[in-house]
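*Asks:* got a predicted model here, sequence first, then my questions.
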Amino acid sequence: AQTVTQSQPEMSVQEAETVTLSCTYDTSESDYYLFWYKQPPSRQMILVIRQEAYKQQNATENRFSVNFQKAAKSFSLKISDSQLGDAAMYFCAYRSRTGNQFYFGTGTSLTVIP
Amino acid sequence: EAQVTQNPRYLITVTGKKLTVTCSQNMNHEYMSWYRQDPGLGLRQIYYSMNVEVTDKGDVPEGYKVSRKEKRNFPLILESPSPNQTSLYFCASSFLGQGYGYTFGSGTRLTVV
């Protein structure tokens, strides 16, 4: 089974600074999809960004961008100009090409310091 | 509004008393799934369904049942809940293929005493 590893249980960042959350995964597939989800204290799961493995270009959504290294099986999330509202638990996730397998990491709790 | 409706939001029950957590989506998604979230363990998949009458075990299916009689509904059944099933549960749905992400329900905080 595929596994998703987030090695940083907790991270903190000063407001307006940049922070990078790490994620690695294990798979034997060549085509798949990767996601970052945000879970604020309201516990609602919110999709932040999505990456297709066959695309070399790193995905970007406003202040959120990823560094996708396919050979290294690494998928980190960079948050620029951090805001207080970015404080949340962040989950990295992997979805197989066929779509029937969808795995999550253990999460990274991000604190934003005013 | 496109959404996944999950009920109840909070539930406290006693060991052994059967319960059902309901999940309904209005987006015509083929794929539906249940997860439990525990501190330090992330989200672990309990069961998933790729279409009506088609269900499969995830990573932690023991003690749970599901059914998919209609495309929109995917209830989670705990026949005899135990304290180790105390957790935060999420229902999620998506289209299959093309790497769609999930739409999540709002979660059910279950406590079994």
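*Replies:* Structure's in. What do you need?
*Asks:* can you report how many residues neighbour the nearest residue to B:Leu110 once chain neighbours are set aside?
*Replies:* With sequence-adjacent residues excluded and distances taken as C-beta to C-beta, 6 or more residues apart in numbering or on different chains, B:Leu110 is closest to B:Leu11, at 5.1 Å. C-beta coordinates here come from the backbone N, C-alpha and C atoms, glycine included. If you count neighbours by other C-beta atoms under 10 Å in any protein chain shown, B:Leu11 ends up with 17.
*Asks:* surely B:Leu11 is in contact with B:Tyr89?
*Replies:* No - contact criterion C-beta atoms under 8 Å: B:Leu11 and B:Tyr89 do not qualify, at 9.3 Å.
*Asks:* what residues sit buried inside the host helix or strand of the residue nearest to B:Leu110?
*Replies:* Element membership for B:Leu11 (DSSP states H and E) is strand B:10-13. Within strand B:10-13, the residues scored as buried using 16 or more other C-beta atoms under 10 Å in any protein chain shown are B:11, B:13.
*Asks:* buried ones in the helix or strand just after it?
*Replies:* Per DSSP H and E, the first helix or strand lying C-terminal to strand B:10-13 is strand B:19-25. Within strand B:19-25, the residues that qualify as buried are B:19, B:21, B:23-25, counting by 16+ other C-beta under 10 Å.
*Asks:* show me what strand B:19-25 is packed up against.
*Replies:* Packing partners of strand B:19-25 (3 or more C-beta pairs under 8 Å, 6 or more residues apart in numbering or on different chains; DSSP states H and E): strand B:4-7, strand B:10-13, strand B:31-38, strand B:76-78, strand B:87-94, strand B:108-112.
*Asks:* just how off-centre is it within its chain?
*Replies:* Offset of strand B:19-25 from its chain centre (C-alpha atoms, centre = their mean, to the nearest Å): 7 Å.
*Asks:* what parts of chain A come near chain B?
*Replies:* Residues of chain A lying close to chain B (C-beta under 8 Å from any C-beta of the partner chain) are A:1, A:4, A:6, A:9, A:32-33, A:35, A:37, A:43-45, A:47, A:50, A:52, A:91, A:95, A:97-100, A:102-107.
*Asks:* in chain A, which residue sits nearest chain B?
*Replies:* Closest approach between chain A and chain B, counting by C-beta to the nearest C-beta: A:Tyr33, at 3.2 Å.
*Asks:* shouldn't that residue be in contact with A:Cys92?
*Replies:* No - contact between A:Tyr33 and A:Cys92 fails when scored by C-beta under 8 Å: they sit 11.8 Å apart.
*Asks:* the two - which one has more neighbours?
*Replies:* Neighbours were counted for A:Tyr33 and for A:Cys92 using other C-beta under 10 Å; A:Cys92 has more, 27 against 20.
*Asks:* element containing the more buried one, please.
*Replies:* In this assignment (DSSP H and E), A:Cys92 forms part of strand A:88-96.
*Asks:* contact partners of that strand?
*Replies:* A:2, A:4, A:6, A:21, A:23, A:25, A:27, A:29, A:32-41, A:45, A:48, A:75, A:77, A:101-105, A:107-110, B:42-43, B:99, B:101 (C-beta atoms under 8 Å, 6 or more residues apart in numbering or on different chains).
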